[in-house]
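>>> sequence and computational prediction follow.
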Amino acid sequence: MTSDLLELAVVIPTFNEKANVPTLVARLDQALRGVNWEAIFVDDDSPDGTAAQAREIARSDPRIRVIQRIGRRGLSSACIEGMCATAAPVVAVIDGDLQHDETLLPAMLDRLRGDDLDVAVGSRFVSGGGTGDWDRDRVAKSALATRLSRRVLKVDLSDPMSGFFAIRTQVVRDLTPHLSGIGFKILLDLLTASPRPLRFVELPYTFRTRTEGESKLDHVVALEYLIALYDRMFGRVVPVRFAMFSAIGVLGVGVHMGVLTALYLGLGASFLVGELGATLAALTVNFFLNNALTYRDRRLKGWRQLLDGWVSFAVICAVGAVANVGVAAFLHEVRDGAWAVSALIGVLVGAVWNYALSSKFTWGR
Ligand code: GDD
Ligand code: MN
């Protein structure tokens with residue numbers, strides 16, 4: 001018997017999955033007979049036209065909804081937005097590339113009908129599940145990531161990295177202010193954000209092979225995973241973006257010294273010219289690294305945005321340098337501070353200034 005009331009929302013994060021959309025909708029329709037459901041595609045403005053494809057289907061099937069996010073990227077944040085956009089009491093997340101087993105959805109929903117569970121997780125690592133045709137390399141990386149996750153997890157889950165699960169929508173709404181939203185691992189984010197251990201069940205499924213399109217899990221996503229773990233462990237002490245920004249800044253000092261050595265010692269340029277070149281090089285490297293890593297989710301693209309961004313970053317850092325030197329000189333001379341301590345405090349003030357202003361103006365769209 002179908003309930004009149006909306007029972008389940010299926011959130012489908014997509015990036016370049018156009019070819020998979022019609023098949024997925026057909027399979028959801030099959031798998032969810034007897035359930036009152038809706039599907040919410042959350043697409044990050046895929047160049048292949050995934051959102052338009054989903055809207056095309058939505059015009060004749062009101063169960064299908066589409067959120068098209070412009071100028072934003074990220075699997076986790078897309079899932080969060082989709083999960084918060086439904087009136088259904090239970091929400092599931094499933095990949096848009098047909099790798100997850102949608103026939104598990106009714107069982108997941110059933111397990112959440114009572115009040116005794118919060119999450120039903122599709123697991124590749126309980127008996128009956130599997131990773132399909134993953135090569136040894138990916139199995140090893142996944143196992144490493146799972147082991148690392150145990151450092152932040154309060155519950156003993158076999159597959160905390162799963163991107164396939166169903167959860168009570170109210171739990172998501174309660175946890176959303178505490179989610180990092182970084183990277184791929186939305187389930188881990190939810191589990192670790194919760195002040196009480198979430199009550200879960202794991203249901204086995206076998207990860208399928210992708211036939212259309214390609215995986216977006218790359219090195220940067222792996223780095224984002226480590227960042228998300230950092231955020232959970234130390235994020236309250238030193239915010240993750242500031243930590244990255246500072247690490248990149250330290251790298252910039254290396255670039256500066258390298259270029260200075262090359263110009264001044266190597267090419268025999270004057271010290272002033274060497275310093276100028278070194279400063280510009282360090283500034284530019286810092287700008288692009290922060291754009292690619294620290295602010296990956298709001299990355300500037302195209303030469304116009306990049307040029308504007310670079311100029312504002314340069315201006316901010318120039319003022320930051322003045323603040324750095326000013327504070328150091330003040331502490332050293334007026335307050336009679338030790339020279340090294342004065343210099344370090346100057347650097348810290350400069351770094352905080354650069355970070356605060358660039359996050360607001362350079363990447364503050
Ligand atoms: N909106 C949005 N934005 N969707 C994205 C983005 C993004 O930046 N990146 C990826 N997606 C979508 C893909 O289009 C796909 O539907 C789904 O998220 C999974 O992405 P894949 O690139 O296919 O990931 P995977 O198959 O390598 O990894 C999956 O399996 C892992 C299990 O090890 C994901 O489900 C992971 O979350 C999961 O941990
Ligand atoms: Mn996939």
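Nice, I can see it. Ligands and ions are numbered 1, 2, ... in the order given.

>>> so residue 309 sits in a helix?
Yes: Residue 309 sits within a helix when classified using DSSP: H, G, I helix; E, B strand; the rest coil.

>>> how about it, nearest residue that isn't a chain neighbour?
Nearest in space to residue 309, with sequence neighbours left out and distances taken as CB to CB, 6 or more residues apart in numbering, is residue 300 at 4.4 Å. In this view, the C-beta of every residue, glycine as well, is placed from N, C-alpha and C.

>>> also residue 171?
Distances taken as CB to CB, 6+ apart place residue 118 nearest to residue 171, at 5.2 Å, with adjacent residues excluded.

>>> I figured that neighbour was touching residue 165, is that so?
No: between residue 118 and residue 165 no contact is recorded; they are 10.3 Å apart, counting by CB atoms under 8 Å.

>>> who has more neighbours, these two?
When neighbours are counted by other CB atoms under 10 Å, residue 165 comes out ahead of the other of residue 118 and residue 165, with 26 against 21.

>>> flag every residue of the chain that's near ligand 2.
Those residues of the chain that sit near ligand 2, judged by CB under 5 Å from the ion, are 97, 99.

>>> now the helices for the chain?
If DSSP state H is used as the criterion, the helices of the chain fall at 21-31, 50-60, 75-83, 105-111, 136-149, 169-175, 186-193, 219-234, 240-260, 271-289, 302-329, 339-357.

>>> now do the last one against helix 271-289, angle only.
Think helix 339-357. Between the axis of helix 339-357 and that of helix 271-289 there is an angle of 50 degrees, by axes from the mean of the first three to the mean of the last three CA atoms, to 10 degrees.

>>> before we move on, what about the fifth one?
Computed with the same axes, to 10 degrees, the direction of helix 136-149 lies at 90 degrees from that of helix 271-289.

>>> and the contacts of helix 136-149?
125, 131, 134, 159-161, 185, 188, 222, 225-226, 229 (CB atoms under 8 Å, 6 or more residues apart in numbering).

>>> now with 7 Å?
Where contact means CB atoms under 7 Å, 6 or more residues apart in numbering, the residues beyond helix 136-149 that reach it are 131, 160-161, 188, 225, 229.

>>> one more: the second one?
Applying CB under 7 Å, 6+ apart, the contact partners of helix 50-60 are 14, 16-18, 21-22, 25, 41, 43, 45, 64-66, 68.

>>> now those: which count as buried?
Among the contacts of helix 50-60, those classed as buried by 16 or more other CB atoms under 10 Å are 14, 16-18, 21, 25, 41, 43, 64-66, 68.

>>> pLDDT-wise, which helix or strand of the protein ranks last?
Taking mean pLDDT, DSSP states H and E as the measure, the chain has helix 219-234 as its least confident helix or strand, at a mean of 84.

>>> mind listing what's buried in it?
For helix 219-234, the neighbour count (16+ other CB under 10 Å) marks 221, 224-225, 227-232 as buried.

>>> is ligand 1 within reach of that helix?
No: looking at helix 219-234 against ligand 1 by CB under 6 Å from any ligand atom, there are no contacts, and the closest approach is 7.8 Å.
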